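K.L.:
no sequence on this one, just coordinates:
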Ligand SMILES: Nc1ncnc2c1ncn2[C@@H]1O[C@H](COP(=O)(O)OP(=O)(O)OP(=O)(O)O)[C@@H](O)[C@H]1O
C-alpha cells in the first residue's frame, strides 16, 4: 500500500491508476506470504523421540559440556566449546556485544537447533528427552514476545489448564494493572515490556523451575524495566533464571554474569568481582553504557 501511495504521489496518478498500484502491492504481499508458507513445508520435522522422566527436573543445575553450534553445516560455529555450570536457583545474566551468540546460547536449552556437545539439566542429557516435554518444563520470555490475537486468558493459559484465581494471582504479581477482565481481547498495541510481562505471567502459572529471559533491544520504560528485574530476582527466587541482558544497569542483581564474545566464554563470575577487573570485558561494556 505504501509503495502504491508513494508512486501515486510521485506521478500524480488518477484514482483508477492508484487502485491499480494498490492491487499490485497487495498481490506482491500475498506472494511473499505464499513464499514463506512454501519455506515452512520444506523444514525438516523435529524428532519427537525420547523418554519422559516423571518429576523432572528435581534439581535445576544446568551443565554445558563442550557445546558448539553452527546454523548451517557449511557455516562457522556461532557457539564454540562452551563449558559452564549454573547451580540450582542461581540467577545468571548473559552479556556480550551484539551478534556474540547470547540468543543462540539460550536457544540450545530448548533444542531449537541441533548442537554439538551435551547439556545436562538435573543430571539428565536434554537430548534424551522428547523435545515437547523439555519445552513444557522451561519457560521462555523472548526478546520479541508473541501475543496471540485472543483474550488475556488465552494468552496466559492457552491450554485452559489453570483456574481464574491462579491467573489473577500471576497478573497481580507482575503488577499488570491494565486489565479488568480475563476475557478482555488483548490489544496488540501493548509495549514490548508489557508483552514480556504477559509472557512472565505464562511462566508464573506454569510454575516451571527454569526461566529464560531475553531482554528486548527495544526501549522499555524505566518503571516496566524495574518491574521486570524485580520479577526476575524476587518472584522467580525459587527458579533457576538465565537472562540475556543488553542494558547493564541491573547486572549487580544477578549471582553470576557470563560474558560471551564471538561464541566463546570470555568471563564467568560474580558481577562485582568482574566489574572490578581492570580492562575486563564486563567492566568495559558497563563503562560504555
Ligand atoms: N537463525 C539463524 N540463522 C543463521 N544465523 C543466525 C541465526 N540466528 C543468529 N544467527 C547468527 O549467529 C550469530 C549470533 O547471533 P545471536 O542472535 O545469537 O547473537 P546475540 O548476541 O544474541 O545478538 P543481539 O545482542 O544482537 O541479540 C550472528 O552472527 C547471527 O547473525
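P.N.:
Done, it's in. A quick note: this is a predicted structure, and the numbers were derived from the prediction, not measured. Numbers count the residues shown, from 1 in each chain.
K.L.:
residues touching residue 39, list them.
P.N.:
Applying Cβ atoms under 8 Å, 6 or more residues apart in numbering to residue 39 gives no contacts. Where you see a C-beta, it was placed from the backbone N, CA and C, and this is true even at glycine.
K.L.:
Doesn't residue 85 belong to a helix?
P.N.:
No. Counting by DSSP: H, G, I helix; E, B strand; the rest coil, residue 85 is located in no helix; its state is strand.
K.L.:
ok, then the element right after the helix or strand of the chain with the lowest mean pLDDT?
P.N.:
Ranked by mean pLDDT, DSSP states H and E, the weakest helix or strand in the chain is helix 2-10, scoring a mean of 58. Counting by DSSP states H and E, the element after helix 2-10 in chain order, helix or strand, is helix 15-42.
K.L.:
next structured bit after that following helix?
P.N.:
strand 62-69.
K.L.:
Up against the ligand, what does the chain have?
P.N.:
Within reach of the ligand by Cβ under 6 Å from any ligand atom, the chain has these residues: 71, 78, 96, 98-104.
K.L.:
Those, buried ones only, as a PyMOL selection?
P.N.:
Buried members of the residues of the chain next to the ligand, defined by 16 or more other Cβ atoms under 10 Å, are picked up in PyMOL with:
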select buried, resi 78+96+100+101+102+104
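K.L.:
Please identify which pair of the residues of the chain next to the ligand lies farthest apart.
P.N.:
The most widely separated members of those, counting by Cβ to Cβ, are 71 and 96 (17.5 Å).
K.L.:
what's the neighbour count on residue 175?
P.N.:
13 (other Cβ atoms under 10 Å).
K.L.:
how about the residue lying closest to it once chain neighbours are set aside, what does it touch?
P.N.:
Excluding the flanking residues, the one nearest residue 175 by Cβ to Cβ, 6 or more residues apart in numbering is residue 227, at 5.8 Å. By Cβ under 8 Å, 6+ apart, the contact list for residue 227 reads 174-175, 193, 197.
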